[in-house]
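> missing the sequence, but the structure's below:
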């Protein structure tokens, strides 16, 4: 069997000569097999062979009755040490696959005891290939169509993949097999739709889809494991008109770029993105900002070039129904009193309705019976740095406000009229 990992062979005689080990492992392939000796016949001993880039032919160490001790305290971290009697060296292993390392240690134990290892697959002790020893590739940059791999797979060890200016019409399914991928840059392509399976990239932290042909962002992606890992998302220069309500489940988002789309509104529960620090949604079609926007705490905000409407608190949209319907009263009670609910207790469509309840300025909730208006908000209230909203030097934008009753709206009007006198 073979085990790729990092290895350092430390002689225990070094302190005797006043020397120390360099404390750094080298990429290597370890093999366990029988010594290729025609004279030895079937009784040939089992050896451990270590091949590195500097020594592809490999160094061999006999295993039978030659292991003094095993150190496996950190085997779950891919680390272990095998102490040999002759020569007096410690073979220190690190950065190994945990499952393969455990199997490897078990085989070494059997070989040391002289137990019959006929049932275990042994390797031929032949020099390793350079491709077996080289450090796994973690970064790959492709910036033209001619360089895009057609017949070869992407290295499974990739953590950062860029495939820009390749005229991709869809995401290559081979990319979705790269389970270690942390950063995926597919900017400057022709991608129209994102596959749901992109949510299977359990380590993905950065996704760049700048300058593509995207028209929507699927709800299924918002419900995937990306909501726990995604920290940076670039959807700028696409054709997106709206983002789903579930988009705000990306609770780990820090950077979000939505510039140069066709957005007519931002996600209803934008304020739930508690870790968001950098937001840009310049040159869209936003008439106003959602009510929850004022709950954000940003470091940088760019909303330049949106056709924001003039806020007019004195001209509200009245959707208040008096008396309240039974559904409205029940919905308000569930949210205001934090009554547990879910699809296992009430119909699923009611759960969806409760997910979009509005919050009145008094702090209480309302569902479909409310008064809506817009007020002006200085964007410095939510961001340390604000890019000017227009060429006139403004940093204010209209934000939607809701009122659950005529009383709440009247109290708001009194304060507003006093402030403008």
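Received, thanks. The structure displayed is predicted, hence computed values, not measured ones.

> Show me the strands in the stretch 301-421 of the chain, by range?
Here the stretch 301-421 of the chain has its strands, by DSSP state E, counting those that start in this stretch, at 317-318, 358-359, 365-366, 371-378, 383-387, 396-403.

> got the angle between the last one and strand 371-378?
What that stands for is strand 396-403. Here the directions of strand 396-403 and strand 371-378 differ by 150 degrees (axes from the mean of the first three to the mean of the last three CA atoms, to 10 degrees).

> just the fifth one next, same as before
Compare the direction of strand 383-387 with that of strand 371-378 by the same axes, to 10 degrees and you get 80 degrees.

> who does strand 383-387 touch, helix- and strand-wise?
Using 3 or more CB pairs under 8 Å, 6 or more residues apart in numbering; DSSP states H and E, the elements in contact with strand 383-387 are strand 298-302. Yep, even glycine has a C-beta here, placed from its N, CA and C like the rest.

> Output the contacting helices and strands for the strand it packs on.
Taking 3+ CB pairs under 8 Å, 6+ apart as contact, the helices and strands that strand 298-302 lies on are strand 278-280, strand 383-387.

> repeat that with 10 Å
strand 255-257, strand 278-280, strand 383-387 (3 or more CB pairs under 10 Å, 6 or more residues apart in numbering; DSSP states H and E).

> Looks like residue 399 contacts residue 374 (just checking).
Yes. Assessed by CB atoms under 10 Å, residue 399 is found in contact with residue 374 at 6.6 Å.

> between those two, what contacts are shared?
Common neighbours of residue 399 and residue 374, using CB atoms under 10 Å, 6 or more residues apart in numbering, are 288-289, 291, 308, 311.

> hang on, the earlier thing: turn the helices and strands packed on strand 298-302 into JSON lines, columns for mean neighbour count and mean pLDDT.
What follows is the helices and strands packed on strand 298-302, written out as JSON lines (neighbours: other CB atoms under 10 Å; pLDDT from 0 to 100):
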{"stretch": "strand 255-257", "mean neighbour count": "20", "mean pLDDT": "98"}
{"stretch": "strand 278-280", "mean neighbour count": "20", "mean pLDDT": "98"}
{"stretch": "strand 383-387", "mean neighbour count": "16", "mean pLDDT": "96"}
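
> what would those strands look like in CSV with distance to residue 51?
Converted to CSV, those look like this (distance: least, CB to CB, whole Å):
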stretch, distance to residue 51
strand 255-257, 43
strand 278-280, 47
strand 383-387, 54
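
> coming back round to it: taking the shared contacts of residue 399 and residue 374 one by one, which sit in helices?
The members of the shared contacts of residue 399 and residue 374 all map outside helices under DSSP state H.

> just the residues you listed now: which is nearest residue 169?
Residue 169 lies nearest to residue 289 out of those, by CB to CB, at 34.3 Å.

> residues near the nearest residue in space to that closest one that is not next to it in sequence, how many?
Nearest in space to residue 289, with sequence neighbours left out and distances taken as CB to CB, 6 or more residues apart in numbering, is residue 399 at 4.5 Å. Applying other CB atoms under 10 Å, we find 21 residues neighbouring residue 399.

> Just name the shakiest helix or strand of the chain by mean pLDDT.
Ranking every helix and strand in the chain by mean pLDDT, DSSP states H and E puts helix 130-133 at the bottom, with a mean of 70.

> did I read that right, residue 262 in a helix?
No. Residue 262 is assigned coil when assessed by DSSP: H, G, I helix; E, B strand; the rest coil, not a helix.

> need the contact list for it.
Going by CB under 10 Å, 6+ apart, residue 262 touches 215, 238-242, 283-285.

> Which members of those residues occur in strands, if any?
The strands, defined by DSSP state E, take in nothing from the contacts of residue 262.

> Present those residues as TSV; the columns should include distance to residue 57.
Below are the contacts of residue 262 laid out as TSV (distance: CB to CB, whole Å):
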residue	distance to residue 57
215	58
238	54
239	58
240	58
241	63
242	63
283	62
284	63
285	67
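
> ranking these by neighbours, who comes first?
Counting neighbours by other CB under 10 Å, residue 238 leads the contacts of residue 262 with 24 neighbours.

> Dump the contacts of residue 262 to a markdown table, plus distance to residue 379 and pLDDT.
Converted to a markdown table, the contacts of residue 262 look like this (distance: CB to CB, whole Å; pLDDT from 0 to 100):
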| residue | distance to residue 379 | pLDDT |
| --- | --- | --- |
| 215 | 28 | 95 |
| 238 | 24 | 97 |
| 239 | 26 | 96 |
| 240 | 22 | 97 |
| 241 | 23 | 95 |
| 242 | 22 | 94 |
| 283 | 16 | 96 |
| 284 | 15 | 97 |
| 285 | 18 | 97 |
